[in-house]
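**Q** got a predicted structure plus its sequence, pasted below:
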Amino acid sequence: MSDALQGTHATPQAAIRVLIADDHPIVRAGLVAVLTREKDIEVVGEASDGQRAIALTRERQPGVVLMDLRMPVLDGVAAIEVITREQPDIRVLALTSYDGDADVRRALKAGARGYLLKDMLVTNLVGAVRAVHRGQRVMPSSVAERLAEFPFEPDLSPRELEVLGLIARGLGNKAIAAAIGRSDETIKVHVKSIFAKLGVHDRTEAVTAALARGLLHLER
């Protein structure tokens, strides 16, 4: 066969190497089942926490990482930051049950190239993996709409977030002051600031807004 004819043969494209990071074994098994049906995708590892995900990324060198945002040992956002800083060519697709704009912004700021809600995985997962591997960004329309609805993330301080969490647990100002070792007056200042930043008028509205936007999460 001549060199000219040999040159017309296409080189087989390498499979997309995918690492799955999720703390639920059933979720990981479901993701593996969906992805391994595809000839152009290879699952190269599974991690049950963020620290393990970082270690396996260094070892297996995947092209795409599917990263749950809420995991033990090291959460998904922190893991994304490390992975994208160390290996910027790796594309991370954040997986979560939450569509709050604060969650989305944290993931994207950490370096995620896409954001996929878990209830969309069956229909959108394979296409999303291929898209981020090509260098595209993935954002469901519902998530994009949420970002447009709240164009700015409320700049709550760590202390204000702590106070907000205690409000969500039903604590009054005196109980919050005792819990964090501050005066009642200081707590009142924090609460007033929280209301102003969230654009709400009472404690119930503050908790509702914080949950909707991903500033707080109910324990699962």
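**A** Cool, got the structure. Predicted model, so just to flag it, every value in this text is computed and none were measured. Numbers count the residues shown, from 1 in each chain.
**Q** where in this protein is pLDDT low?
**A** Within the chain, the segments meeting pLDDT under 70 span 1-12, 99, 151, 218-220.
**Q** per-domain residue ranges of the protein.
**A** 16-149, 158-213 (automatic domain parsing).
**Q** dump those into a markdown table; add mean neighbour count as well.
**A** Just so you know, the C-beta spots here come from the backbone N, C-alpha and C atoms, and that holds for glycine as well. As requested, the domains of the chain are exported to a markdown table (neighbours: other Cβ atoms under 10 Å):
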| stretch | mean neighbour count |
| --- | --- |
| domain 16-149 | 19 |
| domain 158-213 | 16 |
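**Q** where's L171 relative to H201, distance?
**A** 19 Å (Cβ to Cβ, to the nearest Å).
**Q** try V122
**A** 41 Å.
**Q** heading C-terminal from the longest helix along the chain, find the next helix or strand.
**A** Identified as the longest helix of the chain according to DSSP state H is helix 184-198. Sequence-wise, the next helix or strand downstream of helix 184-198 (DSSP states H and E) is helix 203-213.
**Q** which stretches of this protein form strands?
**A** 16-21, 41-47, 64-68, 91-96, 114-117 (DSSP state E).
**Q** list the strands paired with the second one, with their directions.
**A** Strand 41-47 has its sheet partners listed here by DSSP bridges as strand 16-21 (parallel).
**Q** same thing with the third one?
**A** In the sheet, strand 64-68 lines up against strand 16-21 (parallel), strand 91-96 (parallel) (DSSP bridges).
**Q** closest to I54 out of these?
**A** strand 16-21 (9.1 Å; Cβ to Cβ).
**Q** which residues does the closest one contact?
**A** In this structure, residues lying in contact with strand 16-21 by Cβ atoms under 8 Å, 6 or more residues apart in numbering are 28, 31-32, 35, 40-50, 52-53, 56-57, 60-68, 71, 76, 79, 129-130, 133.
**Q** one more: stretch 100-107?
**A** The contact list for stretch 100-107 (Cβ under 8 Å, 6+ apart) reads 69, 76-77, 80, 94, 96, 115, 143, 146-147, 149-150, 153-154, 211-215.
**Q** centre of the chain to it, how far?
**A** 7 Å (Cα atoms, centre = their mean, to the nearest Å).
**Q** got the CA positions of that stretch in PDB?
**A** In PDB, the C-alpha atoms belonging to stretch 100-107 read as follows (Å, rounded to 0.1, in the frame of the first residue of the first chain):
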ATOM      1  CA  GLY A 100     -28.900  27.900  43.900                       C
ATOM      2  CA  ASP A 101     -26.900  30.700  42.300                       C
ATOM      3  CA  ALA A 102     -24.400  30.700  45.100                       C
ATOM      4  CA  ASP A 103     -23.700  27.000  44.600                       C
ATOM      5  CA  VAL A 104     -23.200  27.600  40.800                       C
ATOM      6  CA  ARG A 105     -20.900  30.600  41.300                       C
ATOM      7  CA  ARG A 106     -18.700  28.700  43.800                       C
ATOM      8  CA  ALA A 107     -18.300  25.800  41.400                       C
END
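**Q** quick one: D184 and K174, what's the gap?
**A** From D184 to K174 the distance is 6 Å (Cβ to Cβ).
**Q** which ones are touching the closest residue to V122 other than its chain neighbours?
**A** Spatially, and ignoring its direct neighbours in sequence, V122 is nearest to V34 (7.0 Å; Cβ to Cβ, 6 or more residues apart in numbering). Residues in contact with V34 (Cβ under 8 Å, 6+ apart) are 121-122, 125-126.
**Q** thanks again, I'm all set now.
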